[in-house]
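J.: with the sequence up front, the predicted model follows.
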Amino acid sequence: MDFRVLGPLQVWTGEGRLALPGSRHQRVLAALLLTPNAVVTIGRLVEVTWDGEPPATATKQVQNCVSALRDRLGDTEQRIIVTDGPGYRVAVGENDLDLLRFTRMVAQARQTGERGALHEAVTEIRAALRLWRGPVLSGLGASALDGRAARLDEQRLHAFECCVDWQLALGQHRDLVDELAEVATENPLRERVHGQLMLALDRCERRADALQVFERLRTTLAEELGLDPGQEIRDLHERVLRGETRTPGGPADIDAFARHDELDRAVRELAAAIGRQWTAEVELRSLDRLRPVPLTWSSTERNVAAAASSVLGARPGEVPERLALSGDLSDVVESLRKIPARQLVVLGEPGAGKSVLAILLTLGLLADPLPGEPVPVLLSPASWNPHTEHLHSWLARRLVEEYPGLGNTGTYGRDAALRLVLEGRVMPVLDGLDETPPGLHTAAIDAINRAVTGDRPLVLTCRGDEYEAAVRQEGAFLVRAAVVEIGPVRVQDAIDFLTARRRTGETRWQPVVRALRQEPDGALARALRTPLMVDLAQTAYRDPATDPRELCDTTRFPDQAAVERHLLDAYLPAVYSDRPAPPGSATRARHYELAEARRWLGFLARHLGGSHDFAWWQLERAVPSTIAGLLLGLPPAVLFTLTGWFAAGPAIGIVYGVAFGAAGFVTHRAMRRPGPLRVEARFAGTAAGFAQRFTIGAVIGVCLGFGWSLPVWATCLLSVVFGLAIGVHVWLDTPLDANRVSSPGTVLRDDRRAALALTASFVVSLSLFFTLALLLTPDDPTTEILNGRFDVVLGVAGGVAAGLLGRLLVPRPGGLAYAAAGAVIGGQIFEPTRSVAQACLAGGLFGLSVGLSVWLARASGALGPVVVWLAARGRVPWRFLTFLDDAHRRGVLRQVGGVYQFRHGRLQERLAHAQVSGGEDGTRTNR
């Protein structure tokens, strides 16, 4: 099956072009193909299918469209259009969709160009450009897809510009003039194309024409946007005037454009990734529903903001002392853009909706970006220490962690994330300053103020009391930022939200409505003044069998705190009630007993302590260090014992086991395990790196061969095997582009991939080495001690080898501990075996022992034993990550990049308190 979207939507089979059903079916298929192998929610498909108001039966009609498409495609087993969770995804390979082929071919061409093979790169990228048959999905008429189609057309134009760069460097300027002139006419505001046309014309000795291109561009920019041309093209204009442009073959003239193009591509792909990331979270949390909890904001009355003249860039006295801003979720983007520096601080009490505002603000900025506007990046500042790390450095580090493709130097150049930050191409949206330790709040505000000089845009959210205390402590504040505060939910708004989903004639909420209207300042009304509590109330009583009348019981709920505790406690029973999955759903609804879910989530909440981020690779911290040392150090020790036993008997086995068991215990008890790797398999452009690593591995193999006095052929074999074992790691590199977003699942898969590759390489190479050493090492020890039981030379060699391995895998004192263990077992003198089977068995066990040590040194490797230990004690479920994913789907947790957070800090605090009150095992204790 050949799907084509780079032009009119087409599907081709071996028998020819396949006729598709009506326009609605085509729009559904187009929406799926534009995000291949990713879930598209039914809500999104409804939006795509109907540009206006969808009918009441929209969901059913979309399902019918999918069924019709499956019939037309012959997808009887649902392998092409797959039902997955809240929607559908189309499962296609790289060769099944022209969009994926184009992306792959362009990436390969860029890799070829980076190696300097420009002729080949031009051929490859021209082949990719020929896949386009016109604008994306031309003639389909689905306005909801226009944004995605425009971004793909932009990728096509960037690929063309990259090709032109290479052709200009090759001296093919005469072949490009006409084509460039046509593209420049179609894109009158695109500076890069005009710069390339100027270069081509000037090198064709048409300087006057080149200068005319610049004048035409400058006039158009001034008339359309009121802007001047950028610095790069102005510099090129000056060089053309002075006759200083390089001759063909010297690409220095286009280097500035190329570097700019790298960041342009990073910005585009980063914006697309952020949009997908937070759109999915909004849909999962139902923030995009038609009638959300109303949220209003206005300029704060607290004395924490700069004077209005400073914020607006006016002279003192020209404007009132206090800034007067107000609005709701619908106009926060417009209000931010009216602030000259585009700096905004959003305050609010717990549960006021600060995170919701930050998410919707981010998506609003992405939905309709202004020319040159930076990409909003929503991050939690919880991991930032302003005393040890500059804000820009922290932002660059977090960008690479959340969007690992930005670390790909081949695609975006060196330090792409840092350049994005320093050049103002990203707008940090820092959600939750109060999540940092209280002692850092003042320092953080001061550091932010210094970092955003020059009117760099920024959005910051924080609890109002914490922000006010920090500002008053030492007087630090943001001198160009407007400070607004989210107001309480009005009584009538709360009533409208709670009763919006009631059935005809349903009166369950009437007692609550009367209580709210009669006592607008009562305990219940005060409790329902935040969107969090209003939403919790609706969730807790969404089951028709429940009775919200109990909220009016002033004896049971005498004050605001009692109402809030009840709503927080009622949330889990509501979301963990059994609800069957819809027919055809690929994700089965999992059943968890409420008591177990509460205990597990309570343990997680308590384990987080004062932090709000939970990363699966930090779960080990919940295990006492001594237990961790035994848990992760003993399994390899058992294998090492068996290795020594099969090699030379039980005595040597005990020596092997004790030595490496002690080393593993010391290492895992003391080490801070490195974080997970975010990598993917890449082969193109790795030849040079592979050759370098292969050489290093070959040298190690030769040294081991000579150290153990092995024959020449065995030494050569070891050098090849070790060279391959170390060389293959170059194929694990940063992801190819910034379109990829970190999630707990992807981070785990990436680290497992890297750990498996590392483990396998050590298993194979060291199994071969130990087998050959047992069979071929001469029985002539050089320096014997301990009555001929220990060879000092071999002990030193083994210690050095194990120490290097330990240093590669674990920090000190792990390297020293493994060096000592390697010296102990390496110097053992025993009768060499002449049995090939025995040597192979012992060699295989040795390789597996080292491999297991390597595996447990990685974050993903240690996770399994840690989960087993905690699950056996009832702290977490056996399928821990599945439980976390389910909790995310239910709305208990939210996903922020590669970590989870509780839906709200109030819920986390309540669960942690209940866990402590109930005892470590979840049962109540007398205190």
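T.: Structure's in. What do you need? From a predicted model like this one, the values you see are computed outputs, not experimental measurements.
J.: so for stretch 91-103, what's the average pLDDT?
T.: The average of the pLDDT scores along stretch 91-103 is 86.
J.: buried ones in it, by neighbour count?
T.: Neighbour counts over stretch 91-103 (16 or more other C-beta atoms under 10 Å) mark 92, 96-103 as buried. The way it works is simple: take the backbone N, C-alpha and C, and place the C-beta from them, glycine included.
J.: distance from that stretch to the middle of the chain?
T.: 23 Å (C-alpha atoms, centre = their mean, to the nearest Å).
J.: show the end-to-end separation of it, please.
T.: End-to-end distance for stretch 91-103, by C-alpha to C-alpha, to the nearest Å: 17 Å.
J.: just the helices in the stretch 351-500 of the chain please.
T.: Along the stretch 351-500 of the chain, the stretches classed as helices by DSSP state H, counting those that start in this stretch are 354-367, 391-402, 409-412, 416-422, 441-451, 464-474, 491-498.
J.: ok, residues contacting stretch 888-895?
T.: Here stretch 888-895 makes contact (C-beta atoms under 8 Å, 6 or more residues apart in numbering) with 85, 281, 284-286, 571-572, 575-576, 587, 601, 743-744, 884, 887, 900-903, 907.
J.: please report how far Asn303 lies from Arg315.
T.: Distance, Asn303 to Arg315, using C-beta to C-beta, to the nearest Å: 22 Å.
J.: and after the host helix or strand of Leu176, which helix or strand comes next?
T.: Element membership for Leu176, per DSSP states H and E: helix 173-186. Per DSSP H and E, the first helix or strand lying C-terminal to helix 173-186 is helix 191-203.
J.: Val575 is in contact with Thr539, correct?
T.: Yes: if you go by C-beta atoms under 8 Å, Thr539 and Val575 touch, sitting 6.8 Å apart.
J.: which of these two has more neighbours?
T.: Taking neighbours as other C-beta atoms under 10 Å, Thr539 and Val575 compare with Val575 leading, 19 against 15.
J.: returning to that earlier point: now a PyMOL select for only the buried ones of the contacts of stretch 888-895.
T.: Typed into PyMOL, the line below selects the buried ones among these, using 16+ other C-beta under 10 Å:
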select buried, resi 281+284+285+571+572+575+576+601+743+744+884+887+900+901+902+903+907
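J.: inside strands: which ones of the contacts of stretch 888-895?
T.: Counting by DSSP state E, the contacts of stretch 888-895 place 900-902 in strands.
J.: which among the residues you listed gets closest to Phe640?
T.: Taking C-beta to C-beta as the measure, Phe640 lies nearest Tyr900 of the ones in strands among the contacts of stretch 888-895, at 36.6 Å.
J.: in which helix or strand does Leu566 reside?
T.: No Leu there; residue 566 is His. helix 560-575.
J.: and the closest residue to Val699 other than its chain neighbours, how far from Val763?
T.: Among residues not flanking Val699 along the chain, Ser719 sits closest, at 7.5 Å (C-beta to C-beta, 6 or more residues apart in numbering). Going from Ser719 to Val763 by C-beta to C-beta gives 18 Å.
J.: ok, now Pro8?
T.: Taken as C-beta to C-beta, the span from Pro8 to Val763 is 52 Å.
J.: average pLDDT for the lengthiest helix in the chain?
T.: Criterion DSSP state H: the longest helix present in the chain is helix 744-776. The average pLDDT within helix 744-776 is 85.
J.: ok, Val854 touching Leu758?
T.: Yes: contact criterion C-beta under 8 Å: Val854 and Leu758 qualify, at 5.7 Å.
J.: Asp493 against Val293, yeah?
T.: Yes: if you go by C-beta under 8 Å, Asp493 and Val293 touch, sitting 7.3 Å apart.
J.: out of these two, which sits in the busier spot?
T.: More crowded of Asp493 and Val293, by other C-beta under 10 Å: Val293, with 23 against 19.
J.: name the nearest residue to that one, sequence neighbours excluded.
T.: Nearest non-adjacent residue to Val293 (C-beta to C-beta, 6+ apart): Pro531, at 3.9 Å.
J.: any idea how far the one you found lies from Leu225?
T.: Taking C-beta to C-beta, one finds Pro531 at 39 Å from Leu225.
J.: least reliable of the helices of the stretch 351-500 of the chain going by mean pLDDT?
T.: helix 409-412 (a mean of 72).
J.: tell me the pLDDT of Thr686.
T.: 63.
J.: how near is Arg216 to Phe557?
T.: To Phe557, Arg216 is 72 Å away according to C-beta to C-beta.
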